[in-house]
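Visitor: Following is a predicted model, sequence given first.
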Amino acid sequence: MEELEKKVRGVLCDRKIGVKLKGKVHRTVVTPAMMYGAETWAIKKTEEKTLDVAEMGMLRWICAGTGRVKIWNEVIRGATGASKLSDKIQESRLRWYGHIMRRDEQYIRKREIEMEVQRTRRIGRLKQRWMDCIKDDLRSKGLTSDEV
């Protein structure tokens, strides 16, 4: 594992290697590591923003080498071919939801999603649940649960 990390770091730090190749390494190695299990996360907007900032910092480091160079995020994303991590997380969450909804009625996860717990929740701001994230994703994409 440590050897792979050194090799990846060597590719991303090497100034002789082109930005396209570095972007490809980022998309195939770094992004999946950051998104591991993201389809099951009940993620808040602040956490999404933190992940986006971390990814943008890595991409900026890949392209420019330092944070002092002023380059727009869109230019960096275009050069490396990377899209926003929060969009990828939303896409994987909706893909997982569609996969669950296509299963038969006896599937435990589908029964768990459709189950309604009859109890009151605490006073104050409610904790974000996975289905709340799905509803927000569907609303933002303009989809219904049947279209997923």
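Guide: In hand now; what should we look at?

Visitor: Looking at Val8 now. What's its pLDDT?
Guide: What the model reports as pLDDT for Val8 is 67.

Visitor: show me where pLDDT drops low in the chain?
Guide: Residues of the chain that meet the criterion pLDDT under 70 lie in 1, 4-9, 65-68.

Visitor: So what does the spatially most central residue of it look like in phi/psi?
Guide: The structure's the chain has its C-alpha centroid closest to Ile89; by C-alpha atoms, centre = their mean the separation is 3.0 Å. Note on Ile89: backbone dihedrals following degrees, to the nearest 10 are phi -60, psi -40.

Visitor: which non-adjacent residue is nearest it?
Guide: Ala38 (4.4 Å; C-beta to C-beta, 6 or more residues apart in numbering). (Glycine included, C-beta is placed from N, CA and C.)

Visitor: any idea how far Ser140 is from the one you found?
Guide: Distance of Ala38 to Ser140, given as C-beta to C-beta, to the nearest Å: 16 Å.

Visitor: the more surrounded of those two?
Guide: Set Ala38 next to Ser140 and count neighbours by other C-beta atoms under 10 Å: Ala38 wins out with 19 against 9.

Visitor: from what I can see that one touches Leu94, true?
Guide: No - Ala38 lies out of contact with Leu94 (C-beta atoms under 8 Å); the separation is 11.3 Å.

Visitor: residue ranges of the strands in the chain, please?
Guide: In the chain, no strands are found when defined by DSSP state E.

Visitor: for it, longest helix please?
Guide: If you go by DSSP state H, the chain has its longest helix at helix 45-64.

Visitor: tell me which residues in that one are buried?
Guide: Neighbour counts over helix 45-64 (16 or more other C-beta atoms under 10 Å) mark Glu48, Leu51, Asp52, Glu55, Met56, Met58, Leu59, Arg60, Ile62, Cys63 as buried.

Visitor: This completes my enquiry, with thanks.
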